[in-house]
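Visitor: Sequence and computational prediction follow.
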Amino acid sequence: MATVLVIDDEWGIRDIVKLALGQIGVDVIEADSAQVALEILSRSELDVVITDIRLPDMNGLDLARNIRQSYPALPTIFMSAATSGLFLASSQPEQIWLEKPFKIQDLQTVVQEVLDWTRHAAEPMS
């Protein structure tokens with residue numbers, strides 16, 4: 001089972017993401033701040049990180065840079081009300097943006113695509 005870390009200071013958003021991802025068989029660990037997220041990262045094996053851009057103790061982009069230093073292959077999905085829609089950054093397929101409010105199906109699709117991408121990237125070349 002895949003495990004996703006969801007970082008958002010809004011309980012309702014974390015709850016929606018947890019319920020939506022549970023429907024597709026993904027386990028969710030929640031954090032309400034960057035500091036809590038970094039502590040979880042240090043002791044857990046994760047497949048994907050989903051983070052809000054606005055966190056109480058650190059900008060989500062800065063958090064992602066910190067994560068990338070220690071876990072360079074860990075994909076990050078950014079949630080923000082300030083994006084222009086859902087897109088995959090072509091030069092960095094491990095970074096995806098999801099505009100709030102988002103549709104549950106879009107979230108599920110994006111997470112499944114990222115998980116499929118990471119599994120494919122981890123497969124040995126023949």
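Guide: Right, received. Where do you want to start?

Visitor: Report the secondary structure state of the residue nearest the centre of the chain.
Guide: Ranked by distance to the mean C-alpha position of the chain (CA atoms, centre = their mean), the top residue is residue 50 at 2.0 Å. Using DSSP: H, G, I helix; E, B strand; the rest coil, the structure places residue 50 in strand.

Visitor: Enumerate every residue touching it.
Guide: Residue 50 makes contact with 4-7, 17, 76-79, 98, 111, according to CB atoms under 8 Å, 6 or more residues apart in numbering. Backbone N, C-alpha and C define where each C-beta goes, glycine included.

Visitor: Just put those in JSON lines and tack on pLDDT, distance to residue 35 and neighbour count.
Guide: Listed next are these as JSON lines, based on pLDDT from 0 to 100; distance: CB to CB, whole Å; neighbours: other CB atoms under 10 Å:
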{"residue": "4", "pLDDT": "98", "distance to residue 35": "19", "neighbour count": "22"}
{"residue": "5", "pLDDT": "98", "distance to residue 35": "13", "neighbour count": "22"}
{"residue": "6", "pLDDT": "98", "distance to residue 35": "15", "neighbour count": "24"}
{"residue": "7", "pLDDT": "98", "distance to residue 35": "10", "neighbour count": "30"}
{"residue": "17", "pLDDT": "97", "distance to residue 35": "20", "neighbour count": "26"}
{"residue": "76", "pLDDT": "93", "distance to residue 35": "17", "neighbour count": "24"}
{"residue": "77", "pLDDT": "93", "distance to residue 35": "20", "neighbour count": "22"}
{"residue": "78", "pLDDT": "93", "distance to residue 35": "18", "neighbour count": "20"}
{"residue": "79", "pLDDT": "91", "distance to residue 35": "18", "neighbour count": "25"}
{"residue": "98", "pLDDT": "85", "distance to residue 35": "23", "neighbour count": "21"}
{"residue": "111", "pLDDT": "96", "distance to residue 35": "24", "neighbour count": "25"}
